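Chemist: With the sequence up front, the predicted model follows.
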Amino acid sequence: MAEQGNIITDLNLGAEGNGQDTSPAAGIISQYVKDLSVENPNAPQCFQWQDAPQVDIQFNIGAQPVGEEIHEVELKTVVTAKAEGGTAYVVDLSYCGLIGMRNLDEANQHAFLFAEAPRILFPFARRIIADAVRDAGFPPLMLEPVDFNGLYIQQLAAQQQAAEQPPAGNA
């Protein structure tokens, strides 16, 4: 008969070890279109225009708490296409995600809300915009990938540099 050995595991039975998950976690709970507006103000004349429209794309990222461990991240995208004859189309999309986070310090929460969450949401918003432009009667607009992490780092550096500048005063 083989002798069974004792298996010893390292259990931390302190205050944290009572089944409480203390590891950091963040993720998408849900995502949804909060607002979508498609305008084609010069139809049907715009379909006769010969020049290619100039497309302007603006992004704005916002986050707000909706619960103790839940935030709503809004990726607002406004696409405006203008030609010599006027505005061809405008697509205004607010695409949101509910983000769950626990056991993250403030810096990591901020980075997740303003860099990682928009990166995750963007492909879905991109498809909605392409479909909206197509449904307005134009070829689908395929937005290029956006480096939200790089933009976040640039914005932090700019804020830090602005904070280090001495305030301008009257001499």
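Modeler: Arrived safely. Numbers count the residues shown, from 1 in each chain.

Chemist: Please identify the buried residues of stretch 32-44?
Modeler: 38, 40, 42 (16 or more other CB atoms under 10 Å). Backbone N, C-alpha and C define where each C-beta goes, glycine included.

Chemist: Sorry, slip of the keys, the one I care about is stretch 139-152.
Modeler: Judged by neighbour count (16+ other CB under 10 Å), stretch 139-152 contains these buried residues: 141, 143, 146, 148, 151-152.

Chemist: and if you look at stretch 112-125?
Modeler: Neighbour counts over stretch 112-125 (16+ other CB under 10 Å) mark 112-122, 125 as buried.

Chemist: what helix or strand does residue 74 sit in?
Modeler: strand 70-83 (DSSP states H and E).

Chemist: List the neighbouring strands of that strand plus their orientation.
Modeler: Neighbouring strands of strand 70-83 in its sheet, by DSSP bridges, are strand 54-65 (antiparallel), strand 86-102 (antiparallel).

Chemist: Just to check, residue 148 is in contact with residue 115?
Modeler: Yes - contact between residue 148 and residue 115 holds when scored by CB atoms under 8 Å: they sit 5.1 Å apart.

Chemist: Out of the strands paired with strand 70-83, the one nearest residue 48 is which?
Modeler: Residue 48 lies closest to strand 86-102 among the strands paired with strand 70-83, at 11.2 Å (CB to CB).

Chemist: Follow the chain on from that closest one and name the next helix or strand.
Modeler: helix 106-111.

Chemist: Centre of the chain to that following helix, how far?
Modeler: 14 Å (CA atoms, centre = their mean, to the nearest Å).

Chemist: Next: stretch 103-117.
Modeler: 12 Å.

Chemist: One more: stretch 51-58?
Modeler: Centre-to-centre, stretch 51-58 and its host chain are 22 Å apart (CA atoms, centre = their mean).

Chemist: for it, which positions count as buried?
Modeler: Neighbour-count burial for stretch 51-58 [16+ other CB under 10 Å]: residue 53.

Chemist: Residues in contact with that stretch: which ones?
Modeler: Outside of stretch 51-58, the residues within contact range by CB atoms under 8 Å, 6 or more residues apart in numbering are 77-85, 88-89, 141, 143.
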